[in-house]
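[1] Sequence plus the predicted model coming up.
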Amino acid sequence: MAGPLALRFVSSYPRAGQMPATVAEIALVGRSNVGKSSLLNALAQRKQLARTSKTPGATRLLNAFELGAEGSARWLVDLPGYGYAKASKAEQGRWSSMAEGYLAHREPLRGVLHLIDGEIGPTRLDLQTVAWLDGLDLPVTYVATKADKVRPSRRGARKAELAAKLGTDRGAVHWTSAAKGAGISELRVLVRVLLEADA
């Protein structure tokens with residue numbers, strides 16, 4: 001069992017160009033309400049590390065969390081969720097531009113954790129994001145959230161369906177539940193490997 005990640009909130013940034021130089025970064029990407037904040041809290045085993053909200057779209061900036069000792073410059077960066085319908089078109093465009101600018105041009109970025117709602121499977125916007133990320137030549141790990149919401153009798157079929165829609169092998173998707181702790185230990189190991197590979 002991998003212990004909690006020693007994560008601490010660093011700051012929020014409206015643009016990637018305003019972020020300082022770091023050693024390594026991982027991006028957390030996903031649809032609004034997919035559970036990014038809950039997953040971050042579960043990885044660190046802290047209830048209030050990342051703000052959770054019942055209102056989708058609460059993350060509107062690039063939120064940086066540092067792994068390890070202060071000044072390690074190894075960051076997990078939570079990006080604004082996509083697909084929040086109640087936001088204005090201008091606001092949606094601003095969020096999209098912010099996220100794309102970061103993902104396409106951030107030099108220390110080592111990989112992306114792309115969160116997919118395991119209960120409902122990949123949406124049209126999820127699949128558009130999959131295609132866009134494919135063109136960036138970045139390592140992408142698919143993380144299915146809310147595994148506890150899928151009935152046990154449906155889990156095998158749902159895992160196969162979700163992987164098929166994403167165009168990947170079933171074993172390539174990390175299934176997690178922030179509420180129940182399933183898959184969290186394995187994901188902690190992956191984050192550490194990506195961020196501390198040259199430490």
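    The structure has been received and is ready for your questions.

[2] Which parts of this structure are strands?
    For the chain, applying DSSP state E gives strands covering 7-13, 24-30, 62-67, 74-78, 109-117, 140-145, 173-175.

[3] Give me the neighbour count for residue 196.
    Neighbour count of residue 196, defined by other C-beta atoms under 10 Å: 14. C-beta coordinates here come from the backbone N, C-alpha and C atoms, glycine included.

[4] next one: residue 18
    Other residues close to residue 18 by other C-beta under 10 Å number 10.

[5] Counting neighbours, what do you get for residue 140?
    There are 18 residues near residue 140, going by other C-beta under 10 Å.

[6] Equivalent analysis for residue 127, please.
    Look at residue 127: counted by other C-beta under 10 Å, it has 14 neighbours.

[7] which residue packs closest to it, ignoring adjacent ones?
    Excluding the flanking residues, the one nearest residue 127 by C-beta to C-beta, 6 or more residues apart in numbering is residue 165, at 7.1 Å.

[8] now do residue 139
    Nearest one to residue 139, counting by C-beta to C-beta, 6+ apart, is residue 111 at 4.0 Å.

[9] contacting residues around that neighbour?
    Residue 111 sits next to 26, 27, 138, 139, 140, 141, 194 when contact means C-beta atoms under 8 Å, 6 or more residues apart in numbering.

[10] Give me the buried subset of those.
    26, 27, 140, 141, 194 (16 or more other C-beta atoms under 10 Å).

[11] that older thread, the residue nearest to residue 127 and residue 142, how far apart?
    10 Å (C-beta to C-beta, to the nearest Å).

[12] do residue 79 as well
    Counting by C-beta to C-beta, the gap from residue 79 to residue 142 is 16 Å.

[13] Likewise for residue 96?
    On the measure of C-beta to C-beta, residue 96 and residue 142 end up 21 Å apart.

[14] and if you look at residue 108?
    For residue 108 relative to residue 142 (C-beta to C-beta), the value is 22 Å.

[15] Looking at residue 165 and residue 142 now, which is surrounded by more residues?
    More neighbours surround residue 142 than the other of residue 165 and residue 142, with 20 against 15 (other C-beta under 10 Å).

[16] In contact with the nearest residue to the more buried one once chain neighbours are set aside, which residues?
    Spatial nearest neighbour of residue 142, chain neighbours left out: residue 173 (4.6 Å); criterion: C-beta to C-beta, 6+ apart. Neighbour list for residue 173: 116, 142, 143, 144, 159, 162, 163, 166 [criterion: C-beta under 8 Å, 6+ apart].

[17] Looking at those residues, which is nearest residue 49?
    Among the contacts of residue 173, residue 143 lies closest to residue 49 (C-beta to C-beta), at 17.2 Å.
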